[in-house]
Structure formats: C-alpha cells, structure tokens
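> Sequence first, then the predicted structure:
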Amino acid sequence: MSANRGAVLVLRDGRAFRGRALGAAGEAAGEVIFNTAMSGYQEILTDPSYRGQIVTMTYPMIGNYGLNEEDVESRRPWVNGLIVKEASACPSSWRGRVGLDAYLRAHGIVGLEGIDTRALTRHLRDRGAQDGIISSVELDLERLNRLGMPGSLRSLLRIDKTLLELRDGPFKVIPVSIHHDFRRRVTSPRSIDDRHFRAGRHNGEELLDIVVGHPHAAGRDLLRNG
C-alpha cells in the first residue's frame, strides 16, 4: 500500500501509533474518532457528517469489496483521514471499481494502516475523542508535537433549511418541521420521501414566509447528524 511508506498518528495527548502509509502522501489533522461498522466504508467516507474528522475503522480488514460510483452519500469524500488495521490489497466484488488505497489517493486523503486499532479505540474510549495528526512525510514525533494541534475542525460551514410537509395526509394540521441540516446525506431526502413527506431546501427568509403561511402548522426544530 502506497509503496509501503511509513506513517504515524500523533494524538493531542502525545500518544503515537506508527504504521504504514495508506492513500495520499502528506499530513492530515482532525478529530480522531472510531466507527465499529463491519461494512459500509464507502458510505462513511462520503458521509458529510464526518467532515473534519479522522475516522478509525475497528473492523480488522477494510476495502475487501472495493468502491464504486453508486454507493456514495454525497458527491465526494469528506473525511480528513482514514485509519485501518489492514486495507485489502485485492478487493473482490463484481460491483467494485477501485481499491481503497487508489480511491484515497485519487481524492487526496491521507490514511494510515498497520496499527493496533483496538488499542487506539480503547484509548479514545477511555480518554475521549481528541485531535490528532496523520503524517507520511514527517515521522519525527517531536517535530509533529511542536506543530501543535488545530482546534476542533468540525466547523459548520452552512446551515440548510428543509421544510417537511405531509403529502396528501388526512390531517387538517400540517406537520411542518424546520430541519437544520448539518451536512446532508443524499439518502436523507430519500428516507424522508419513503415516509410520505415532501422535502425542500429553503433559506431563512423563504422558510419564515412558509411557516407564516401555515398558521395552523405544528412546527418543531430538528438538529440531526447528516
């Protein structure tokens, strides 16, 4: 993977994990978290709710069925970095079009493999999520520590407003939900539509006009991941 270059993860509290480079060469900083999913790694990579984070996959092998253009949650990957125990070098699936290492390189995502992801997960579980740096170009721990950690990178770049109205329902009171959409996934509108709601994106002024136009609407605020 990535010519077997060395790479290292350094956490804010000083804990370091050395392994092999995966994906693009370079450095990546972000909030280090873990995900226990056994599959769905492409959906995780392209889920906008992971923007600014370095995701650690706890399942020991990731990438065994490759990646394609269909199983995505948005138009591109959003993670700052990816950490796995082992990245599959030979994905096997008729739907797979590219391997994990090549996909990460194509999108400029720095990754790390070959570390004890169980030890990292236990550390994050006991100490809490914290910022970290993955580097495959600078492996000196003292230098990386001197770089300092950025503040939380999970900044909200925008807030989208989505109006939900029950379509063709028997109710006189129309349930209107003001949805503050933190990094919307493409599957969210599909799920909303499956439940017979109508979804639309509106800015603040448009939303106010809509709510005022429904004086009998039952409104509520939703804050939701993704």
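Sure, I can see it. Numbering: from 1, shown residues only.
> Next one: the closest residue to Pro60 other than its chain neighbours, what pLDDT does it get?
Once flanking residues are discounted, Pro60 sits nearest to Lys85: 4.5 Å by CB to CB, 6 or more residues apart in numbering. All C-beta atoms are positioned from the backbone trio N, CA, C, and that covers glycine. pLDDT recorded at Lys85 is 97.
> My read is that Lys85 contacts Gly111, right?
No. Using CB atoms under 8 Å, Lys85 is not in contact with Gly111; the gap is 11.9 Å.
> Could you check which of those two has the larger neighbour count?
Gly111 (30 against 19; other CB atoms under 10 Å).
> how close does that one get to Arg127?
Using CB to CB, to the nearest Å, Gly111 is found at 22 Å from Arg127.
> pull the CA atoms of the longest helix out of those in the chain into CSV?
What stands out as the longest helix in the chain, according to DSSP state H, is helix 117-127. Provided in CSV are the C-alpha atoms of helix 117-127 (Å, rounded to 0.1, in the frame of the first residue of the first chain):
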residue,chain,number,x,y,z
THR,A,117,-6.7,-0.2,16.0
ARG,A,118,-8.0,-1.9,19.1
ALA,A,119,-5.5,-0.1,21.3
LEU,A,120,-6.4,3.2,19.6
THR,A,121,-10.1,2.6,20.1
ARG,A,122,-9.6,1.8,23.8
HIS,A,123,-7.5,4.9,24.2
LEU,A,124,-10.2,7.1,22.6
ARG,A,125,-13.0,5.4,24.6
ASP,A,126,-11.1,6.0,27.9
ARG,A,127,-9.7,9.4,27.1
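> Can you name the next helix or strand after it?
Counting by DSSP states H and E, the next helix or strand C-terminal to helix 117-127 is strand 130-135.
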